[in-house]
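Enquirer: this one's structure only:
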């Protein structure tokens, strides 16, 4: 092969990688958008149906319980029928969810809409990571994981702006109908590039030379350490996302806008950390060390906030450090999971492991909400620090039990 031909082939591979990373990222954005499909509309929906906060909270709990169960099962579907078909089903579930919620006449339909959204959300991680791991060049996996994490954060950021922005002038039902158009548009985009989703896998995780029986991967301790890692990290993240404004208002005396800024700073810094994490994983493949470094920053920030030893402005800086560390760990974390996946079981592994996120999101608010009810506001961030420290230790166990070296 001549130099010119080799360069042309490499350029073609680069374009294909970039296109696939972009498509998977946009689909992941929609997944995170629909995780918040009801939360921004809570004032309107609660008032229209005369529901309590507990009743509305249960609707969101149902979404994540269904998502966790679906996520664990969807990996089997991905490995058998392919990620393209699975993503399509997920997007259609989102359309059905938004339209069901928009047409709701009572609590039962709200629950049905949450179930549909949970089913849709559950397919994305196993499908996304199966595509990235099998069809993106290994040298570009770090940036691919960065983009994947970043687009998820953008989905969270877009949901309140989009939904509330339409609900204020046109009503909450109209905003949900408009939301249904988003997964349809992404589905059309995927259809235009469907050839990328049906091609044979160009790359495979290196963990095993031969495919394994259907459920054999569940006997690998590293899989369950990964599950525990994700559950613990999600408990910590749910504490920040749900209760940071309350802590900053009560402990640091900030007003409503200043307290809300705490979560915004965390999310923006987390997105920056994800971009840096892609660079880090490309330079240093000692993944557990990368994760320890990243989460160590978050532990320091959370501890300082919890001890209430900083002025308010420095406490806000500390939560930004927490967010950067959280994002920085993301690509190394996803690469560490890849090292545990036997050949042919990528979807199953990511499905089971990422279902730990839904478990943590369900447990975290109960744990930290109880601390707030008891008046232990500073203890919330000390509890978050403890979770992150435990996650660091868990990552070392994953690395020690992985089927291949990092």
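Expert: Sure thing, it's come through. Worth saying up front: this structure is predicted, and the values here are computed from it rather than measured. Residues are numbered from 1 along each chain as shown.
Enquirer: can you pull the contacts of residue 141?
Expert: Contact partners of residue 141, counting by Cβ atoms under 8 Å, 6 or more residues apart in numbering, are 132, 133, 281, 335, 338. Every C-beta, even on glycine, is put in place using the N, C-alpha and C of the backbone.
Enquirer: now these as TSV including distance to residue 318?
Expert: Output for the contacts of residue 141, formatted as TSV (distance: Cβ to Cβ, whole Å):
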residue	distance to residue 318
132	33
133	35
281	25
335	28
338	32
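Enquirer: Any chance of a PyMOL selection covering the buried ones in those?
Expert: The following PyMOL line selects those of the contacts of residue 141 that are buried, judged by 16 or more other Cβ atoms under 10 Å:
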select buried, resi 132+133+281+335+338
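Enquirer: Lowest pLDDT pick from the contacts of residue 141?
Expert: Going through the contacts of residue 141 one by one, the lowest pLDDT turns up at residue 338, 74.
Enquirer: I'd like to know how far it sits from residue 349.
Expert: Residue 338 sits 9 Å away from residue 349, going by Cβ to Cβ, to the nearest Å.
Enquirer: how about the nearest residue to residue 255 once chain neighbours are set aside, phi and psi?
Expert: Setting aside the residues directly before and after it, residue 255 is nearest to residue 249 in space (Cβ to Cβ, 6 or more residues apart in numbering), at 7.5 Å. Per-residue torsions, residue 249: phi -70, psi -50 (degrees, to the nearest 10).
Enquirer: what about residue 249, how many neighbours?
Expert: Close neighbours of residue 249, defined as other Cβ atoms under 10 Å, add up to 17.
Enquirer: Let me see the contact set for residue 267.
Expert: When the contact criterion is Cβ under 8 Å, 6+ apart, the partners of residue 267 are 153, 156, 157, 323.
Enquirer: Next step: those residues restricted to strands.
Expert: Members of the contacts of residue 267 lying in strands (criterion: DSSP state E): none.
Enquirer: ok, and the most crowded of the residues you listed?
Expert: Of all the contacts of residue 267, residue 323 has the most neighbours under the rule other Cβ under 10 Å, reaching 29 neighbours.
Enquirer: Leaving out chain neighbours, which residue sits closest to residue 360?
Expert: With Cβ to Cβ, 6+ apart as the criterion, residue 360 has its nearest non-adjacent residue at 2.5 Å, and that residue is residue 234.
Enquirer: tally of neighbours for the one you found?
Expert: Using other Cβ under 10 Å as the criterion, residue 234 is surrounded by 23 other residues.
Enquirer: now do residue 169
Expert: The local packing of residue 169 (other Cβ under 10 Å) involves 8 other residues.
Enquirer: just use 500 as the starting number from now, easier for me
Expert: That works, and once the first residue is 500, the last one we named lands at residue 668.
Enquirer: separation between it and residue 674?
Expert: With Cβ to Cβ as the criterion, residue 668 and residue 674 are 10 Å apart.
Enquirer: likewise residue 521?
Expert: Residue 521 is 26 Å from residue 674, where distance means Cβ to Cβ.
Enquirer: do residue 570 as well
Expert: Here the criterion is Cβ to Cβ. By it, residue 570 lies 27 Å from residue 674.
Enquirer: related to what we said a few turns ago, export the contacts of residue 766 to CSV and append columns for pLDDT and distance to residue 812.
Expert: Formatted as CSV, the contacts of residue 766 follow (pLDDT from 0 to 100; distance: Cβ to Cβ, whole Å):
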residue, pLDDT, distance to residue 812
652, 82, 24
655, 81, 25
656, 79, 23
822, 93, 16
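Enquirer: Could you single out the nearest of those residues to residue 830?
Expert: If you rank these by distance to residue 830 using Cβ to Cβ, residue 652 comes first, at 13.4 Å.
Enquirer: and residue 521 and residue 674? which has more neighbours close in?
Expert: Neighbours of residue 521 and residue 674, each counted by other Cβ under 10 Å, are more numerous for residue 674; the result is 24 against 15.
Enquirer: what's near enough to touch the more buried one?
Expert: Under the criterion of Cβ under 8 Å, 6+ apart, the neighbours of residue 674 are 540, 661, 662, 663, 664, 665, 666.
Enquirer: Which of those are buried, as a PyMOL select command?
Expert: Those of these that count as buried under 16+ other Cβ under 10 Å are selected in PyMOL with:
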select buried, resi 540+661+662+665+666
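Enquirer: count of neighbours near residue 607?
Expert: Counted with other Cβ under 10 Å, residues neighbouring residue 607 total 9.
Enquirer: Secondary structure element for it, which one?
Expert: helix 606-621 (DSSP states H and E).
Enquirer: pLDDT of that helix, averaged?
Expert: Within the predicted structure, the mean pLDDT of helix 606-621 is 95.
Enquirer: same deal with stretch 532-552?
Expert: Taken as a whole, stretch 532-552 has an average pLDDT of 86.
Enquirer: now swap in stretch 894-905 and tell me
Expert: Here the mean pLDDT over stretch 894-905 is 65, rounded to a whole number.
Enquirer: gap between residue 813 and residue 762?
Expert: Going from residue 813 to residue 762 by Cβ to Cβ gives 17 Å.
Enquirer: cool, and residue 779?
Expert: Here the distance between residue 779 and residue 762 works out to 25 Å (Cβ to Cβ).
Enquirer: what's the domain layout of the protein?
Expert: Domain assignment of the chain by automatic domain parsing yields the ranges 502-697, 715-900.
Enquirer: Surely residue 800 is in contact with residue 821?
Expert: Yes: counting by Cβ atoms under 8 Å, a contact exists between residue 800 and residue 821, whose distance comes to 3.8 Å.
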